[in-house]
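Novice: sequence unknown, structure follows:
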């Protein structure tokens with residue numbers, strides 16, 4: 001089905017964001033050009049970093065004892081708390097965030113039937129509800145109905161969603177009745193302001209307004225009494241409340257950018273979800289795309305990736321292994337570390353599916369991060385070399401290497417600035433007062449002076465940071481194909 005049916009400019013969430021952006025833009029430092037703004041903000045970022053007292057999440061003996069005594073849910077919360085990750089888009093979201101809580105009276109109403117329905121659902125959690133055998137699905141719906149009629153609001157939300165799941169892509173006797181029942185329950189619950197129910201109203205409207213769907217085209221939004229403005233308000237409310245489905249849908253309209261990363265990060269924190277942390281990481285430093293102007297935010301990337309690993313994600317661990325094996329995303333190529341991580345993966349001893357002490361076993365790399373820099377600046381091409389390619393070409397030496405000297409670090413620092421001057425000279429800029437990614441980048445990095453426990457910034461020596469930078473001097477040979485020149489010289 002198609003993505004979000006409302007434009008960003010229609011949603012109050014983004015209107016508030018744009019209003020804050022416009023207000024904050026009045027206080028942006030004034031520069032002579034947008035290129036100068038980007039360069040000097042990157043300089044401000046790289047010179048703002050401070051050395052933290054530790055590298056990697058540290059667990060005391062007492063914390064470990066406490067962790068191992070907790071329930072799985074509380075263990076996941078503890079891991080996320082220790083990551084210290086926060087979304088600048090949703091500063092109010094933490095592991096204990098609840099946009100809505102069902103009343104005790106509602107929870108106790110029809111409790112026995114509610115628990116029976118949940119137990120059956122859990123027993124079949126790996127199966128698609130619409131494909132369950134008829135007896136099982138009808139029993140689940142039956143128990144939820146009893147609980148809902150007894151006053152259990154959560155049962156009503158579940159019942160409405162399951163009826164719709166069952167009916168929207170099926171054709172059976174009574175299918176229209178199930179859809180209408182789903183719509184009625186959802187409407188009846190709107191005045192309770194339950195975020196998940198609000199999203200379901202939007203989902204019903206989106207489906208009923210989709211003329212390309214295969215099933216039940218006669219059930220239009222007008223026939224079902226579903227209203228566009230109501231659906232828009234419901235979607236916006238669900239987004240503000242960080243309902244997973246709304247976050248996932250909204251993030252997908254942002255082509256693997258920093259806004260999408262911040263959306264996923266908020267959901268990751270709220271749900272303590274390894275999948276969402278991994279998705280956030282993928283948006284902070286995307287790969288597999290053709291265009292080279294994607295924003296990278298490497299400190300949040302590494303912190304999100306490692307939090308996903310601590311929460312048990314196999315995919316995140318495989319990504320970290322690949323980064324070390326291939327020298328990706330500013331990781332130094334390290335076959336030994338990649339092999340040690342592979343061995344860990346094969347022999348992984350998890351606690352309730354979690355890997356909380358991962359940082360203690362594998363200390364994080366210090367991160368060289370110039371702020372919100374496009375991927376071309378970190379990797380680059382033969383013609384437009386970024387930092388990693390300049391290192392691999394032997395033109396500069398990575399300052400994190402054990403044999404780096406003050407002179408090699410100085411050469412690295414100055415050469416990278418020359419490359420950045422040349423790179424930014426190629427770009428067309430949106431005025432910084434209007435540039436959303438300039439704004440979100442400065443918002444993120446203003447809070448990362450020490451980075452995160454799992455992603456500490458590399459801090460250049462003070463005497464290096466004090467060096468004057470010529471923001472008009474580019475890198476010699478940048479933008480010229482060296483192979484072409486070599487061929488021309490050979491012909492001469």
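Specialist: It's in. No experiment lies behind these values; they were computed from the predicted model shown.
Novice: Can you give me the buried ones in stretch 234-253?
Specialist: Buried residues in stretch 234-253, counting neighbours by 16 or more other C-beta atoms under 10 Å, are found at 234-251. (Glycine included, C-beta is placed from N, CA and C.)
Novice: With stretch 355-371 instead?
Specialist: Result for stretch 355-371 [16+ other C-beta under 10 Å]: buried residues 355-359, 362, 364-371.
Novice: Check stretch 96-105 too.
Specialist: Result for stretch 96-105 [16+ other C-beta under 10 Å]: buried residues 99, 102.
Novice: unless I'm mixing things up, residue 149 is touching residue 114, no?
Specialist: No - the criterion here is C-beta atoms under 8 Å, and residue 149 misses it with residue 114 at 11.3 Å.
Novice: okay, those two: which has more neighbours?
Specialist: Between residue 149 and residue 114, counted using other C-beta atoms under 10 Å, residue 114 has the larger neighbour count: 23 against 14.
Novice: Where does that one fall, secondary structure wise?
Specialist: helix 111-123 (DSSP states H and E).
Novice: State the mean pLDDT of whichever helix or strand comes after that helix.
Specialist: Counting by DSSP H and E, the element after helix 111-123 in chain order, helix or strand, is helix 134-149. If you average the pLDDT over helix 134-149, you get 95.
Novice: Can you tell me what sits against helix 134-149?
Specialist: Helix 134-149 is touched from outside by 109-111, 113-114, 116-117, 120-121, 124, 129-130, 132, 155-156, 158-159, 162-163, 166, 185, with contacts defined as C-beta atoms under 8 Å, 6 or more residues apart in numbering.
Novice: what's the answer for stretch 323-340, then?
Specialist: Contact partners of stretch 323-340, identified using C-beta under 8 Å, 6+ apart, comprise 285, 287, 296, 298, 301-302, 321-322, 341, 362, 365, 367-369, 378-379, 387-388, 392, 398, 400-401.
Novice: give me that answer again for 6 Å
Specialist: Applying C-beta atoms under 6 Å, 6 or more residues apart in numbering, the external contacts of stretch 323-340 come out as 285, 298, 321, 365, 368, 378, 398.
Novice: same thing with stretch 349-361?
Specialist: Residues outside stretch 349-361 that contact it (C-beta under 6 Å, 6+ apart): 56, 57, 72, 75, 79, 309, 310, 312, 454.
Novice: which residues sit in contact with residue 411?
Specialist: Here residue 411 is in contact with no residues (criterion: C-beta under 6 Å, 6+ apart).
Novice: if we go to 10 Å?
Specialist: Neighbour list for residue 411: 395, 396, 397, 399, 405 [criterion: C-beta atoms under 10 Å, 6 or more residues apart in numbering].
Novice: Now the phi/psi pair for it, please.
Specialist: Residue 411 has phi and psi values of phi -60, psi -40 when expressed as degrees, to the nearest 10.
Novice: any idea how far it is from residue 47?
Specialist: Relative to residue 47, residue 411 is positioned 18 Å away (C-beta to C-beta, to the nearest Å).
Novice: Low-confidence bits of this structure, can you list those?
Specialist: 1-2, 288-293, 485-492 (pLDDT under 70).
Novice: check which helix or strand covers the residue sitting nearest the centre point of the chain.
Specialist: Closest to where the C-alpha atoms of the chain average out (C-alpha atoms, centre = their mean) is residue 280, at 1.9 Å. Using DSSP H and E, residue 280 sits in helix 274-284.
Novice: so after that helix, what's the next helix or strand?
Specialist: Per DSSP H and E, the first helix or strand lying C-terminal to helix 274-284 is strand 295-296.
Novice: From the chain's centroid, how far away is that following strand?
Specialist: 13 Å (C-alpha atoms, centre = their mean, to the nearest Å).
Novice: Give me the contacts around it.
Specialist: By C-beta under 10 Å, 6+ apart, strand 295-296 touches 256-259, 261, 283-286, 329-330, 369-379, 437-438, 440-441.
Novice: now stretch 457-469
Specialist: By C-beta under 10 Å, 6+ apart, the residues outside stretch 457-469 that reach it are 39-40, 43, 45-52, 298-299, 330, 365-369, 398-400, 406, 409-410, 412-414, 417-418, 420-421, 445, 448-451.
Novice: Just the buried ones from those?
Specialist: Using 16+ other C-beta under 10 Å as the burial test, the contacts of stretch 457-469 include 39, 43, 45-46, 48-49, 298-299, 330, 365-369, 398-399, 409-410, 412-414, 417-418, 420-421, 445, 448, 450-451 as buried.
Novice: Test my guess that residue 395 contacts residue 408.
Specialist: No - counting by C-beta atoms under 10 Å, residue 395 does not reach residue 408; the two are 11.2 Å apart.
Novice: Could I get the full set of helices for the stretch 201-350 of the chain?
Specialist: Secondary structure of the stretch 201-350 of the chain by DSSP state H, counting those that start in this stretch: the helices cover 221-224, 228-240, 244-253, 258-271, 274-284, 298-310, 314-326, 335-346.
Novice: List the buried residues in the shortest one.
Specialist: Spelled out, it's helix 221-224. For helix 221-224, burial by neighbour count (16+ other C-beta under 10 Å) applies to 221, 224.
Novice: how far does it sit from the chain's center?
Specialist: The chain centroid and the centroid of helix 221-224 are separated by 35 Å, computed with C-alpha atoms, centre = their mean.
Novice: One more: stretch 383-392?
Specialist: In terms of C-alpha atoms, centre = their mean, the centre of stretch 383-392 is found 27 Å from the chain centre.
Novice: just stretch 156-175 next, same as before
Specialist: The answer for stretch 156-175 is 31 Å, by C-alpha atoms, centre = their mean.
Novice: Between its first and last residues, how far does that stretch reach?
Specialist: Distance between the two ends of stretch 156-175: 18 Å, counting by C-alpha to C-alpha, to the nearest Å.
Novice: List the buried residues for it?
Specialist: With the criterion 16+ other C-beta under 10 Å, stretch 156-175 contains buried residues 156-168, 175.
Novice: Out of the helices of the stretch 201-350 of the chain, which one sits most buried?
Specialist: Ranked by mean neighbour count, the helices of the stretch 201-350 of the chain are led by helix 298-310 with a mean of 28 (mean count of other C-beta atoms under 10 Å).
Novice: and it, what other elements does it pack with?
Specialist: For helix 298-310, the elements it packs on are helix 72-83, helix 258-271, helix 274-284, helix 314-326, helix 335-346, helix 358-361, helix 436-445, judged by 3 or more C-beta pairs under 10 Å, 6 or more residues apart in numbering; DSSP states H and E.
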